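Undergrad: pasted the sequence and its predicted model underneath.
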Amino acid sequence: MGIYPQQRQQALMELDKPLFCIAHRGGSQRYENTLRAISRALELGVDAIEIDVWNVRGELLVFHDRRLSTGPFSGELLVQQDPAELRKTPLSCGEHIPTLLEVMELVADKALLNIELKGPGCVKSVSQQIEDFVLYKQGCYESYLISSFDHVQLHKLSQRLPEVKRGALFAGVPLDYAACCEQLGAYSLHACLGFLRQGLIDDASARGLKTWVYTVNHEEDMGHLAAMGVDGVFTDFPEKVLALNTEYLLRHPKVESGSF
C-alpha cells in the first residue's frame, strides 16, 4: 500500500492545492464504520470523516450495507433486526457496530463529520440527534455535513435543520449537471470517480459548490483530480492524501494549509 515514487511525483506535478481529506467510512477497509477506524483517522489528522447511518427501529446505527454478512444475522436485512442484539454481536473485524451518538462524541470538533443517510426515515432522528448534541454538549452545527443519494431526504433536511451543510451524492452524470444542488441548498457535490466529467466539476464550481469525489485510493487519481479542479476526496487511505498535502505545502510554503 506504499506510495510509488513515480506516482507521487506525477501527483505532485498535477496538484495545485492541498486536497480536502475525507476518511471514507472512517478511512479503513477492514474496520470501516467502526470507532477503531475513526480513532486512527483522527490521529492522522484528517479534515473530515465520512460514515453511513441507518435508522434501525429508532436507533441510529453506523453501518454501510443493507444486509448483514457475518454472524447469526448473516443475510438478514439490517433494519429488521433488534438494534440491541446487533450492537452485542461482533463484526468480522472483531469490532462492534457503533451508534451515531458514539461517533459524534468521539469526533466532537476534531474534524468535520459527514453523515450519509443510507435508508428511509433518517431525517427526523438524525436532525434531533445533532440538535441535542449541539445544545447539551456545546457543539457546533459547522462540525457536520449530511449527504445522501436520496435527495428527497436532503430536501427535507434543508427545511428541518438548515444550519447543517448538505452534500448531494451522485452515482452518474446528471443531464443538468449540478443544477439540483441549488434547489437543495447544497454545500457540496459528491461525485463518483468512475463517472466524473470536467463539465460537472466546472458547473459545480460555477454554482459555488465544493466538489468531493469518492472513492479515491490511488495517488495518480488524486493528482489528476486536483488538476481537474476537485476540492476533496473520500479515501480508504487518508495517509496517502495527507502525505501528498504535506509535501505540496513544503514545496509551496506560502500556501496556508487551512485555505482549502
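TA: Done, it's in. Note that this is a predicted model, so its numbers are computed, not measured. Numbers count the residues shown, from 1 in each chain.

Undergrad: C-alpha only now, for contacts and for neighbours.
TA: OK.

Undergrad: where does the protein have its least confident helix or strand?
TA: Sorting the helices and strands of the chain by mean pLDDT, DSSP states H and E puts helix 5-14 at the bottom, at a mean of 72.

Undergrad: what's the spacing between that one and its chain's center?
TA: Centroid separation for helix 5-14 versus its chain: 25 Å, with Cα atoms, centre = their mean, to the nearest Å.

Undergrad: which residues touch the host helix or strand of Trp54?
TA: For Trp54, the host element (DSSP states H and E) is strand 48-56. Outside strand 48-56, the residues within contact range by Cα atoms under 8 Å, 6 or more residues apart in numbering are 20-27, 33, 38, 41, 60-64, 78-83, 100, 111-122, 125, 234.

Undergrad: right, and the helix or strand after that strand?
TA: strand 59-62.

Undergrad: just list what that following strand packs against, helices and strands only.
TA: strand 48-56, helix 100-107 (3 or more Cα pairs under 8 Å, 6 or more residues apart in numbering; DSSP states H and E).

Undergrad: can you tell which of these is closest to Cys93?
TA: Nearest to Cys93, of all the helices and strands packed on strand 59-62, is strand 48-56, at 16.9 Å by Cα to Cα.

Undergrad: tell me which residues in the strand holding Trp54 are buried?
TA: 48-56 (16 or more other Cα atoms under 10 Å).

Undergrad: kindly format the C-alpha coordinates of the least confident helix or strand of the chain as CSV.
TA: Extracted as CSV, the C-alpha positions of helix 5-14 are listed here (Å, rounded to 0.1, in the frame of the first residue of the first chain):
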residue,chain,number,x,y,z
PRO,A,5,7.9,7.4,-6.2
GLN,A,6,6.8,7.8,-9.8
GLN,A,7,3.2,8.1,-8.9
ARG,A,8,3.9,10.5,-6.1
GLN,A,9,6.0,12.8,-8.4
GLN,A,10,3.3,12.7,-11.1
ALA,A,11,0.6,13.5,-8.5
LEU,A,12,2.6,16.4,-7.1
MET,A,13,3.1,17.8,-10.6
GLU,A,14,-0.6,17.9,-11.1
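
Undergrad: give me the sheet partners of the helix or strand just after that helix and which way each runs.
TA: Sequence-wise, the next helix or strand downstream of helix 5-14 (DSSP H and E) is strand 20-23. In the sheet, strand 20-23 lines up against strand 48-56 (parallel), strand 232-235 (parallel) (DSSP bridges).

Undergrad: show the average pLDDT along whatever helix or strand comes next after strand 20-23.
TA: Per DSSP H and E, the first helix or strand lying C-terminal to strand 20-23 is helix 35-44. Helix 35-44 carries an average pLDDT of 98.

Undergrad: next one: stretch 246-260
TA: Averaged over stretch 246-260, pLDDT sits at 74.

Undergrad: buried ones only from the contacts of strand 48-56, please, as a ChimeraX command.
TA: Selection of buried members from those for ChimeraX, criterion 16+ other Cα under 10 Å:
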select :20,21,22,23,24,25,26,27,33,38,41,60,61,62,63,64,78,79,83,100,111,112,113,114,115,116,117,118,119,122,234
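
Undergrad: one step back: in a markdown table: the strands paired with strand 20-23, plus distance to Val107 and mean pLDDT.
TA: Converted to a markdown table, those look like this (distance: least, Cα to Cα, whole Å; pLDDT from 0 to 100):
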| stretch | distance to Val107 | mean pLDDT |
| --- | --- | --- |
| strand 48-56 | 8 | 98 |
| strand 232-235 | 17 | 98 |
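
Undergrad: how about CSV for the ones you listed, with distance to Asp16 added?
TA: Listed next are the strands paired with strand 20-23 as CSV, based on distance: least, Cα to Cα, whole Å:
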stretch, distance to Asp16
strand 48-56, 20
strand 232-235, 12
